[in-house]
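K.L.:
Curious how this folds, go ahead:
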Amino acid sequence: MRASLIQIAVNEDETVEARRVRAAALVREQAGADLVVLPELWTTGAFAYEEFDAAAEPLRGPTYEAMAKAAGDAGVWLHAGSVPERDPDGRIYNTSLLFSPAGDLAASYRKIHRFGFDKGEAVLMGAGREPVTVRLPETTLGVATCYDLRFPELFRSLVDAGAEILVVPAGWPERRRSHWTLLAQARAVENQAFVLACGTAGTHAGVPQAGHSIVVDPWGEVLAEAGADEEVLTVEFAPERVARTREQFPALKDRVLGLDPPRG
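P.N.:
Numbering: from 1, shown residues only. Purely as a prediction, here's the structure:
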């Protein structure tokens, strides 16, 4: 499998529409990849809280239209990162969009764990409720977003649903970059799965971004890592390594907590 993580820069001197056009062009350039991933809230910036309301769009809004077309043109599975989605009831969600190579919507995921404690995303956006997996021809993706990375129970539920690749778009701040790398490797090791974590470059509302998108294998080894600036990180890997790893070191079979109690 060939995956391309587009670590796009989010800067205040570029309009949302201009960045949307640029992101679509970058997706089209990845024709030949199997999977392309964009970061979290790349249209507005993950820390641009004051812009969420004005920038919120319906699920099938302008970002949906641009990314569906780009996925179809490139013939790739596309995790189009996330957008501020306005539900018909008026509530805003941090929603990821996933498209098939035909440009059809394969799934959407509303971020479950909202960052900010008593401010920002935590109070401005609604919380998702359901973990989401997407079946590809060769493997199954489990989907999470940014702050979700700190909650291992979500990732274990994705693995229980069949996930072998865990895809994490993010707008992670530079000041906690060490946590980003550590947690990506931890989620890979404990779930014996690939982790594809795609961050942003640039600055969101005065908050410098970590960049350093990363691909980690089921043993926790870093297969590829970006720098701090905008770039496309491309890596090839074999999804079947997940099954081999779980067979060679069957730690998941020794789980006790979190499982349904025995019956009979």
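K.L.:
alpha carbons only for contacts and neighbour counts from here, please
P.N.:
Fine.
K.L.:
Which parts of the stretch 1-150 of the chain are strands?
P.N.:
Under the criterion DSSP state E, counting those that start in this stretch, strands of the stretch 1-150 of the chain are mapped to 2-7, 9-10, 35-37, 77-86, 92-99, 105-110, 132-135, 140-143.
K.L.:
TSV please, covering those and showing distance to Leu223, mean pLDDT and mean neighbour count.
P.N.:
Converted to TSV, those look like this (distance: least, C-alpha to C-alpha, whole Å; pLDDT from 0 to 100; neighbours: other C-alpha atoms under 10 Å):
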stretch	distance to Leu223	mean pLDDT	mean neighbour count
strand 2-7	12	98	24
strand 9-10	22	95	25
strand 35-37	16	98	26
strand 77-86	20	98	27
strand 92-99	24	98	25
strand 105-110	26	98	20
strand 132-135	23	98	19
strand 140-143	18	98	24
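K.L.:
how about CSV for these, with distance to Ala56 added?
P.N.:
Below are these laid out as CSV (distance: least, C-alpha to C-alpha, whole Å):
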stretch, distance to Ala56
strand 2-7, 22
strand 9-10, 17
strand 35-37, 21
strand 77-86, 5
strand 92-99, 7
strand 105-110, 14
strand 132-135, 22
strand 140-143, 21
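K.L.:
So for Val235, which of those strands sits nearest?
P.N.:
strand 2-7 (5.6 Å; C-alpha to C-alpha).
K.L.:
in the helix ranked longest in the chain, what's buried?
P.N.:
As assigned by DSSP state H, the longest helix anywhere in the chain is helix 177-191. Using 16 or more other C-alpha atoms under 10 Å as the test for burial, helix 177-191 gives Trp180, Thr181, Leu183, Ala184, Gln185, Ala186, Arg187, Ala188, Val189, Glu190, Asn191.
K.L.:
ditto for stretch 223-233
P.N.:
Buried residues in stretch 223-233 (16+ other C-alpha under 10 Å): Ala224, Glu225, Ala226, Ala228, Asp229, Glu230, Glu231, Val232, Leu233.
K.L.:
Contacts for that stretch, please.
P.N.:
Stretch 223-233 has contacts (C-alpha atoms under 8 Å, 6 or more residues apart in numbering) with 4-9, 200-202, 209-217, 234-235.
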